[in-house]
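Asker: got a sequence here, can you build the structure:
(chains A and B)
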Amino acid sequence: MAALSNTTTTRLGEVIETSTVGFTAESDQLHILPELGALVRVGGLTDQISYYGIVAFGATGGLDTSRTAVRRGGHDLMDEAIYERHPELELVLRTMFSVAVVGYQDGIVPRHVLPALPAPLHYTVHACDAAETITFCNTPRYLSTLLNYRGDVPAEQLVASHLRWVDVQLADSHAWLSDATRRLARLMKRDYDRLVTILQAIEPH
Amino acid sequence: MTLDLTRVVGQISSMVATIDPAVQSRRYNALDDAWRSLDSVDVNIRLRAPAKTSFLLARVEGEYRERFPLPALPTSYTIAATDGSMILPDRHSPARFYLMNIGKVFLRYGDQPTARFSAEPDLRFEERDLFVTSGSRRVPVNETILGLRRAAAELRAGAELLADLDTPGLVLLDGTLILWSLEANDRGIATEILREFTDALDTFQRAGLPIASYVSSPGSSDLMNTLRVSVCDYPAMGRPVNCDDCFGRIVDEGHTPACDILPTVPDRLLLERIANLQPGERTVVYESQSRILELYGPDHHIGFFYVNTGQEIGRIEIPAWVAREPRMLDLIHSVVYDQCQLGRGYPVALQEAHEMAVLSMTDRRLVEAAIERQLAEHGAVRMRTGKDASKRGRFV
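Answerer: Presented below is the predicted three-dimensional model:
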């Protein structure tokens, strides 16, 4: 079983909204957030339990939602230079990401069902390394949950992003990816068009 | 009750019909003439005692129409801005207190751009906080007095923010530095309250740290009033300017003051339309004639100038010791202009200080709830007044 890493170097952000089906986190640093489709982990109220989810959305905007961003530059002030010219931006903007919860670890094996309780508010969201990823994703029974996740990103895109992400993490000559796409095909045998959308979104090898 | 707009529209038509464009146009032409032909030496002679002018004037020993171009901005500069928000003593509450929330903003530009924001709440409940004493008089604090205390607190917070400065720097406040509302209070009380404020100004002066305040869309007409003196007909009659006498004659004799040829407009309109103050330019520094400034002492006597920020004509107020230093004046001029460019029309440091200070209804309710909870734990049950309860649950 993969060791659960609790060092601060894996910290991505903090849970600021939570529910049974997912949670939203604020990134520690502006513009820095996990990729769409990445596997992330949040600790539970006891050491035994950890919640696993897949990044389903990201956004950067005003810390106070009633303040909208306005153009700050022009042809002589662009990109990074804008942040240097407006140092207050680091303090009035924030980056957030949403995560679809797809399962949990209860100290024994990964469970690919929705957890009984939502991930705790204000707990740290951790990045998952290759070892953790293989442990949780080896047999991806959570794909059906992910296919039914309703967020801003179409589920097909989300699933495709996740499959690509795991494939890159594991670097196992696409062994896992082949297995996952076969599993997906069985799941979606009545929805050929949707399946094709996903398969096409995964880069051809 | 809702407003019956259809009826108001009819009344607006009646009002607009009374405005005679020809008269407006004549008044603007007269204003243009008055500005062009303004003789600064003559005006200052007219203003000398025993002249009696009943309104606030701009005064300067020099040319009233002088203007200054935008100086170069330093490559690095630091600005601190503070703004305060209050929860006032609530007569519906058994706890006697007030809360000040001071928003503090530190912005550094140039080689090491940095931003630091914070908000500091301060709950006051002691006898000496809730009353002001002067000699044998003791008055409870009211909204006016607390506004003045808040101004002093904003000043002190600003000075603290720039304790270790390694670039040119200044502190900017929002609104006026002239504490008009002091005039309504008894002089002893006023001096007592003002002491906090002038003590804070002393700190700035000793540290050589420039302090200024910014007034957006100023409604002041100090300069216009000086123009009125320039067109007064009393000197032609061999008499000193005397507004009280002149206004008295309006009723007694049906007299029309000579300065009636000028329109009633604020200085910002004069400077924008007639004087054509260009973006980046500022006027000369005028002395304010507000009587309350006598209590500030000569060093802190407040002067002001107008600047075209590109978006509007803003008014910047400064103490005399700052006005005397050309380097401080140039710094304030160039920095406030830059801040207005960054803030799309209003100094960005002030915008953020306001955001840090502002207390929402939720914040206020949270404070009340915290007090109620602790009072209850302490054994004091809180009872709201009937009136307050009716406002919280509005029903039909």
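Asker: in the chain, where is pLDDT below threshold?
Answerer: Picked chain A for this. The model of chain A has pLDDT under 70 over residues A:1-8, A:204-205.
Asker: look at chain B instead
Answerer: In chain B (pLDDT under 70), the answer is B:1, B:91-95, B:381-396.
Asker: point out the residues in the stretch 101-250 of chain B that sit beside chain A.
Answerer: B:105, B:107-109, B:113-117 (Cβ under 8 Å from any Cβ of the partner chain). (C-beta placed from N, C-alpha, C; glycine too.)
Asker: show me those that map onto strands.
Answerer: If you go by DSSP state E, those have B:105, B:107-109, B:114-117 in strands.
Asker: need the contact list for the residue in chain A positioned nearest to chain B.
Answerer: Ranked by Cβ to the nearest Cβ, the top residue of chain A for proximity to chain B is A:Pro87, at 3.9 Å. Contact analysis of A:Pro87 by Cβ atoms under 8 Å, 6 or more residues apart in numbering or on different chains lists B:107-109, B:113-115.
Asker: count of neighbours near residue 66?
Answerer: No chain specified, so I'll use chain A. By the criterion of other Cβ atoms under 10 Å in any protein chain shown, A:Ser66 has 5 neighbours.
Asker: I was thinking of chain B, sorry if that wasn't clear
Answerer: As a burial measure, B:Glu66 scores 12 neighbours (other Cβ under 10 Å).
Asker: before we move on, what about A:Asp152?
Answerer: 10.
Asker: B:Leu170 against B:Ala212, yeah?
Answerer: Yes: assessed by Cβ atoms under 8 Å, B:Leu170 is found in contact with B:Ala212 at 6.4 Å.
Asker: shared neighbours of the two, which are they?
Answerer: B:Ile332.
Asker: which of the contacts of A:Pro87 are buried?
Answerer: B:107-109, B:113, B:115 (16 or more other Cβ atoms under 10 Å in any protein chain shown).
Asker: hey, where'd the strands end up in chain A?
Answerer: For chain A, the strands defined by DSSP E occupy A:11-18, A:22-27, A:39-43, A:50-62, A:93-105, A:110-111, A:124-127.
Asker: what's the answer for the stretch 101-250 of chain B, then?
Answerer: For the stretch 101-250 of chain B, applying DSSP state E, counting those that start in this stretch gives strands covering B:114-124, B:131-134, B:137-140, B:169-174, B:211-215.
Asker: can you redo those as CSV with distance to A:Arg186?
Answerer: What follows is the strands of the stretch 101-250 of chain B, written out as CSV (distance: least, Cβ to Cβ, whole Å):
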stretch, distance to A:Arg186
strand B:114-124, 54
strand B:131-134, 81
strand B:137-140, 79
strand B:169-174, 66
strand B:211-215, 68
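Asker: which one of these lies closest to B:Glu352?
Answerer: strand B:114-124 (6.4 Å; Cβ to Cβ).
Asker: which elements pack onto that closest one?
Answerer: Judged by 3 or more Cβ pairs under 8 Å, 6 or more residues apart in numbering or on different chains; DSSP states H and E, the packing partners of strand B:114-124 are helix A:89-92, strand B:98-109, helix B:348-357.
Asker: run a quick neighbour tally on A:His75.
Answerer: A:His75: 5 neighbours (other Cβ under 10 Å).
Asker: the residue most central in space within chain A: what's it in contact with?
Answerer: Nearest to the geometric centre of chain A sits A:Val55, at 1.5 Å (Cα atoms, centre = their mean). A:Val55 makes contact with A:33-38, A:40, A:97-99, according to Cβ under 8 Å, 6+ apart.
Asker: from A:Gly61, how far off is it?
Answerer: Going from A:Val55 to A:Gly61 by Cβ to Cβ, to the nearest Å gives 17 Å.
Asker: can you give me the helices for chain B?
Answerer: B:5-17, B:21-36, B:40-47, B:127-130, B:143-161, B:187-207, B:222-230, B:243-253, B:267-269, B:320-323, B:326-342, B:348-357, B:361-378, B:386-392 (DSSP state H).
Asker: now stretch A:21-38: buried residues?
Answerer: A:21-28, A:33-34, A:36-38.
Asker: cool, and stretch B:71-82?
Answerer: Quick answer for stretch B:71-82 (16+ other Cβ under 10 Å): B:71, B:73-74, B:77-82.
Asker: what lies in contact with it?
Answerer: B:102-112, B:154-155, B:157-158, B:161-162, B:165, B:167-174, B:330-331, B:333-335, B:337-339, B:347, B:349-350, B:352-353, B:357.
Asker: okay, buried residues for stretch B:243-258 please.
Answerer: B:243, B:246, B:257.
Asker: repeat that for stretch A:185-202.
Answerer: Buried-residue list, stretch A:185-202, by 16+ other Cβ under 10 Å: A:187-188, A:194-195, A:197-199, A:201-202.
Asker: who's in contact with it?
Answerer: Against stretch A:185-202 from outside (Cβ under 8 Å, 6+ apart): A:143-144, A:147, A:156-157, A:159-161, A:163-164, A:167, A:177, A:181, A:184.
Asker: could you dump the residues you listed into TSV with distance to chain B and neighbour count added?
Answerer: Formatted as TSV, these follow (distance: Cβ to the nearest Cβ, whole Å; neighbours: other Cβ atoms under 10 Å in any protein chain shown):
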residue	distance to chain B	neighbour count
A:Leu143	42	21
A:Ser144	41	14
A:Leu147	39	17
A:Glu156	41	20
A:Gln157	36	15
A:Val159	40	28
A:Ala160	39	21
A:Ser161	34	21
A:Leu163	41	24
A:Arg164	37	17
A:Asp167	40	21
A:Leu177	44	18
A:Thr181	48	16
A:Leu184	47	22
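Asker: among these, name the ones in helices.
Answerer: A:143-144, A:147, A:156-157, A:159-161, A:163-164, A:167, A:177, A:181, A:184.
Asker: so which of the residues you listed comes closest to B:Asn308?
Answerer: Proximity of the ones in helices among the contacts of stretch A:185-202 to B:Asn308 was ranked by Cβ to Cβ; the top entry is A:Gln157 with 51.2 Å.
Asker: and the residue lying closest to that closest one once chain neighbours are set aside, how far from A:Asp152?
Answerer: Spatial nearest neighbour of A:Gln157, chain neighbours left out: A:Ala201 (6.4 Å); criterion: Cβ to Cβ, 6 or more residues apart in numbering or on different chains. Note on A:Ala201: its distance to A:Asp152, by Cβ to Cβ, is 16 Å.
Asker: ditto for A:Ala160
Answerer: Applying Cβ to Cβ to A:Ala160 and A:Asp152 gives a distance of 15 Å.
Asker: one more: B:Phe68?
Answerer: 53 Å.
Asker: cool, and A:Val42?
Answerer: 21 Å.
Asker: report the contact partners of the spatially most central residue of chain B.
Answerer: Nearest residue to the geometric centre of chain B (Cα atoms, centre = their mean): B:Thr176, 1.9 Å. Counting by Cβ under 8 Å, 6+ apart, B:Thr176 makes contact with B:213, B:215, B:317.
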